[in-house]
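Visitor: my questions are about this predicted structure, shown below with the sequence.
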Amino acid sequence: MDAADFSAVLSEVRRFVRERVVPLEAEIDEKDEMPADIREAAKKMGLFGFALPEEYGGLGLSMYEEAQLMFELGYTTPSLRSMFGTNNGIAGHVLMVGGTEEQKAEWLPRIASGDVLASFALTEPDAGSDPSTLTTKAHLEGDTWVINGAKRYITNAPLADVFMVFARTDPDAPRTRGISTFLVPAGTPGLTVAPRDHKMGQLGAWTADVFFDDVRVPASALVGGEDGLNRGFGTAMGCIAHGRVHISALCVGMAQRLVDESVEYARTRRQSGRLIGSFQLVQGLVADSMTDYYAGRATVLEAARAFDAGTDTKIGPSCTKYFASEMVWRVADRAVQIHGGAGYMRGVAVERFYRDARLFRIYEGTSQIQQVIIAKALLGEAARG
């Protein structure tokens, strides 16, 4: 995107986040629901398709540009980003990476506009950190695929119009080579979405289990057509690598908000007749959080540059996801500490962000999985003993 146009996009999103969404954060958290007018405003701004190609109605942002946009979106409740995150990220990228031209033309314009909400159905009760062990199956009967299985913690499932479903299509193949992806519209007979989950944080972003009981879809629903058969795992990993940089940038945006909340409180709160910002131990907490934020921002931007260049699409995303998710957790913890008893009270922003931040160390690959990916990539055969 032209630099001036991109700057205008960032400015518009910054105003939208800080003037319209931030004042609604407590309401969103309490009601566990995103207001309809915020959803419509996001659609009009093109936020449902910022990472999708311009030819399909998206903004076509690079990873480096997307990271900067996430810094702005991360400044408020992560449920805002979650509303359109799957369209731009792991669900939309399934079609970008692996779809046929016909599938892209049919679905991507509607996904980019927000008229269609897409979900990424990969995780299962016994296949989370290692999705290669998934047990959802699909077999061919004539020209129809029949899908059976269950998925867990699927973001936007209660609202989704279409699911990108990963299922084992060759039970005899090695675990990572016998998986395919299917486009399954909501309302397809046999597809059931459970009631939404009750989570610790990130309220307003809905997740739920999804069940497939003899769900039948045409052969054209196989993502990538015949060429996509048994290639779903590679597609998923490519989408998740992109998602790790995306989530890392979101963590940085939240860290900035937490630093701002901490600084404002330390500048105005008095204890023992003094502003608490005058106490050196409080100053140390603020300084550590600012340093963490600064390092996280630099790490994300470097990972985004390398991702765009194609020079690092594995170690970089894992390194930045590992660092940024752990970083924002430290910053959130310090923010609560700076606020003291007030930081433990509902209705105070840092208490809510403390709950919200905890999930970043789990989804898109836990911190421990990132450690394994990084170590194995560096050590090669030595890591296998």
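Guide: That came through, no problem.

Visitor: gap between the host helix or strand of residue 181 and the chain center?
Guide: Element membership for residue 181, per DSSP states H and E: strand 179-185. Here strand 179-185 is found 20 Å from its chain centre; the criterion is Cα atoms, centre = their mean, to the nearest Å.

Visitor: what's that strand packed up against?
Guide: Other helices and strands packing on strand 179-185, by 3 or more Cβ pairs under 8 Å, 6 or more residues apart in numbering; DSSP states H and E, are strand 144-155, strand 162-168, strand 207-218, helix 232-268. (Glycine included, C-beta is placed from N, CA and C.)

Visitor: mind jotting down where the strands sit in the stretch 251-385 of the chain?
Guide: 270-271, 274-275 (DSSP state E, counting those that start in this stretch).

Visitor: what about the stretch 101-250 of the chain, any weak spots by pLDDT?
Guide: Within the stretch 101-250 of the chain, no stretch has pLDDT under 70.

Visitor: ok so, going back, closest one to residue 293 among the helices and strands packed on strand 179-185?
Guide: With Cβ to Cβ as the criterion, residue 293 lies closest to helix 232-268 of these, at 4.2 Å.

Visitor: in that closest one, which residues are buried?
Guide: 232-233, 235-236, 238-259, 261-263, 265-266 (16 or more other Cβ atoms under 10 Å).

Visitor: ok, back up a step: tabulate the strands of the stretch 251-385 of the chain in CSV, adding columns for mean pLDDT and distance to residue 341.
Guide: Converted to CSV, the strands of the stretch 251-385 of the chain look like this (pLDDT from 0 to 100; distance: least, Cβ to Cβ, whole Å):
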stretch, mean pLDDT, distance to residue 341
strand 270-271, 96, 11
strand 274-275, 97, 17
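
Visitor: need the ones you listed in JSON lines with distance to residue 357 and mean neighbour count, can you?
Guide: Formatted as JSON lines, the strands of the stretch 251-385 of the chain follow (distance: least, Cβ to Cβ, whole Å; neighbours: other Cβ atoms under 10 Å):
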{"stretch": "strand 270-271", "distance to residue 357": "26", "mean neighbour count": "10"}
{"stretch": "strand 274-275", "distance to residue 357": "26", "mean neighbour count": "12"}
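
Visitor: same list (those strands) but as JSON lines, adding distance to residue 289.
Guide: Shown next, in JSON lines, are the strands of the stretch 251-385 of the chain (distance: least, Cβ to Cβ, whole Å):
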{"stretch": "strand 270-271", "distance to residue 289": "19"}
{"stretch": "strand 274-275", "distance to residue 289": "18"}
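
Visitor: residue contacts, the residue nearest the centre of the chain?
Guide: The centre of the chain sits closest to residue 247, judged by Cα atoms, centre = their mean, with a distance of 5.2 Å. Each residue near residue 247 by Cβ atoms under 8 Å, 6 or more residues apart in numbering is listed here: 321, 324, 325, 360, 363, 364.

Visitor: okay, it and residue 317: tell me how far apart.
Guide: Separation of residue 247 from residue 317 (Cβ to Cβ, to the nearest Å) stands at 9 Å.

Visitor: mind listing the helices for the chain?
Guide: Counting by DSSP state H, the chain has helices at residues 3-15, 25-31, 36-44, 63-73, 78-88, 92-98, 101-113, 232-268, 280-309, 315-339, 349-357, 367-379.

Visitor: and the ones you listed as JSON lines, adding distance to residue 51?
Guide: Output for these, formatted as JSON lines (distance: least, Cβ to Cβ, whole Å):
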{"stretch": "helix 3-15", "distance to residue 51": "13"}
{"stretch": "helix 25-31", "distance to residue 51": "23"}
{"stretch": "helix 36-44", "distance to residue 51": "14"}
{"stretch": "helix 63-73", "distance to residue 51": "5"}
{"stretch": "helix 78-88", "distance to residue 51": "4"}
{"stretch": "helix 92-98", "distance to residue 51": "7"}
{"stretch": "helix 101-113", "distance to residue 51": "9"}
{"stretch": "helix 232-268", "distance to residue 51": "8"}
{"stretch": "helix 280-309", "distance to residue 51": "12"}
{"stretch": "helix 315-339", "distance to residue 51": "14"}
{"stretch": "helix 349-357", "distance to residue 51": "22"}
{"stretch": "helix 367-379", "distance to residue 51": "22"}
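
Visitor: any idea which of these scores lowest on pLDDT?
Guide: Of all the helices of the chain, the minimum mean pLDDT falls on helix 92-98 (a mean of 92).

Visitor: residues near residue 10, how many?
Guide: Other residues within reach of residue 10, judged by other Cβ atoms under 10 Å, total 15.

Visitor: thank you kindly, that will do.
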